[in-house]
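*Asks:* please work out how this folds:
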Amino acid sequence: MPAPAPADLVCKLAALDDPRSPRGRRHNLVSVLLCALAAMVAGARCLRAIGQWADAAPQHTLVRLGCRITCPALGARTAPSPATIRRVLLALAPDALTALTRPEILEIVAVDGKTLRGSATRADPAVHLLTALTPDRHLVAQVPVRAGTSEIDTLAALLRGVDLAGVVVTADALHTQTDTATHLVEELHAHYVLTVKRNQKTLFEQVKTLPWAQAPTLGATRDRSHGRAETRTVKAIDLAGRTGFPHAVQAVRVRRHVRDLRTGQVSWTCAYAVTSLEVGQADTARIGALVRGHWNIKAWHHVKDVSLGEDACKVRSGYGPDNLAALRALALVFLGRLGQDTLPDAIRWVSYEAFTRPLDVIGLR
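*Replies:* Numbers count the residues shown, from 1 in each chain. Below you'll find the predicted structure:
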């Protein structure tokens, strides 16, 4: 699914509810949010850096951002102040930004949690966000996990309002719960692929002891990277009522053989999953791809930490953590369109002309 067209993005921003009082409002919401997004595309990692970018922006950049005209005679414009940008991002309802890149048609949604470690203080734990993501890394939904609750409790709130009929939802072992499986299939009319680990001891033993040796290997992939050669083989077995897990139709095993190219040392691991997909709805190759594809969301979290400094950001007030995380996700969508070899390469390329290229990337004229 391609990133939203620039005109579409601006229209969506214009349709958002401004959280500020109309009295004394000087900068329109679109220009404030575009300033924040452009600064983040240029490499800004926190609210302070976003404010500094806006303060330093020249007139031609402010024109393209639609900033307020403060001297009609000269056509001079003024950027939103760092304080204004901060107030907006702390007060804006986070659902609005989260939905900006959500595809109209969903096929696969991966669910995973992320702790924003930099937001922790001596008195308060770090903010934890639960995220739903498409395989091409478009944000579908995102909600904070409130204190005293868990990701399991928050999953229903995360997916509320998202049309998941016929969509395959993948999640790690924490969400392999009977209530979760029932909710996905019976209430949301979705399918699931859920990882099975020892937190569900009975289910894990049932799946692990299936006759995998007799099951044919119908899918295999081979990769070489980071000094390792990795081979993954996939098998699936029809459960036929062998477990009591709700709506579980097939069990999946993904076996990974890893050889260190420098030392020659070989290791292997097995990952198991259960799915509500019938054999006719997904063959072994597709199920294996779904299991492996879920790991992609872990890589997405890592990219946000390393390249966009998510873990280093200390913002924890209001909706600030949610909105900054959503802006990072949107920035990644635009940066990914540049075709650079890596994300750091894309950020460096943009930063060389920090007040023109970010706007080009977003598509502002």
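*Asks:* and the residue lying farthest from the centre of the chain, which of the three is it?
*Replies:* Distance to the chain centre peaks in the chain at Ala73, reaching 45.3 Å (criterion: CA atoms, centre = their mean). Here Ala73 is recorded as coil under DSSP: H, G, I helix; E, B strand; the rest coil.
*Asks:* now it: how far from Leu89?
*Replies:* Applying CB to CB, to the nearest Å, the value for Ala73 to Leu89 is 32 Å. C-beta coordinates here come from the backbone N, C-alpha and C atoms, glycine included.
*Asks:* tell me where the stretch 151-300 of the chain has helices.
*Replies:* All helices of the stretch 151-300 of the chain, identified by DSSP state H, counting those that start in this stretch, fall at 151-159, 178-182, 201-208, 284-294, 296-308.
*Asks:* could you dump those to TSV with mean pLDDT and mean neighbour count?
*Replies:* Shown next, in TSV, are these (pLDDT from 0 to 100; neighbours: other CB atoms under 10 Å):
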stretch	mean pLDDT	mean neighbour count
helix 151-159	95	19
helix 178-182	96	16
helix 201-208	94	16
helix 284-294	76	20
helix 296-308	87	17
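*Asks:* now render those helices as CSV, adding distance to Gly227.
*Replies:* Formatted as CSV, the helices of the stretch 151-300 of the chain follow (distance: least, CB to CB, whole Å):
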stretch, distance to Gly227
helix 151-159, 34
helix 178-182, 38
helix 201-208, 30
helix 284-294, 20
helix 296-308, 18
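*Asks:* tell me which of the ones you listed sits nearest to Thr195.
*Replies:* For the helices of the stretch 151-300 of the chain, distance to Thr195 was read as CB to CB. The smallest value, 7.3 Å, belongs to helix 284-294.
*Asks:* quick one: distance of the closest one to the chain centre.
*Replies:* 19 Å (CA atoms, centre = their mean, to the nearest Å).
*Asks:* show me what that helix is packed up against.
*Replies:* strand 108-116, strand 168-171, strand 191-196, strand 219-225, strand 228-238, strand 250-260, strand 266-275 (3 or more CB pairs under 8 Å, 6 or more residues apart in numbering; DSSP states H and E).
*Asks:* how about a cut-off of 6 Å?
*Replies:* strand 219-225, strand 228-238, strand 250-260 (3 or more CB pairs under 6 Å, 6 or more residues apart in numbering; DSSP states H and E).
*Asks:* CSV for these, including mean pLDDT, distance to Ala93 and mean neighbour count?
*Replies:* Converted to CSV, the helices and strands packed on helix 284-294 look like this (pLDDT from 0 to 100; distance: least, CB to CB, whole Å; neighbours: other CB atoms under 10 Å):
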stretch, mean pLDDT, distance to Ala93, mean neighbour count
strand 219-225, 78, 40, 12
strand 228-238, 86, 41, 18
strand 250-260, 88, 38, 19
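*Asks:* Serialize the ones you listed to JSON lines and add fields for distance to Thr342.
*Replies:* Shown next, in JSON lines, are the helices and strands packed on helix 284-294 (distance: least, CB to CB, whole Å):
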{"stretch": "strand 219-225", "distance to Thr342": "13"}
{"stretch": "strand 228-238", "distance to Thr342": "19"}
{"stretch": "strand 250-260", "distance to Thr342": "23"}
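*Asks:* does Val143 count as helix, strand or coil?
*Replies:* strand.
*Asks:* what is it paired to in the beta sheet?
*Replies:* Counting by DSSP bridges, Val143 forms beta bridges with Leu130.
*Asks:* tell me the spacing between the nearest residue in space to His301 that is not next to it in sequence and Leu133.
*Replies:* Nearest non-adjacent residue to His301, counting by CB to CB, 6 or more residues apart in numbering: Lys114, 5.1 Å away. As defined by CB to CB, Lys114 lies at a distance of 10 Å from Leu133.
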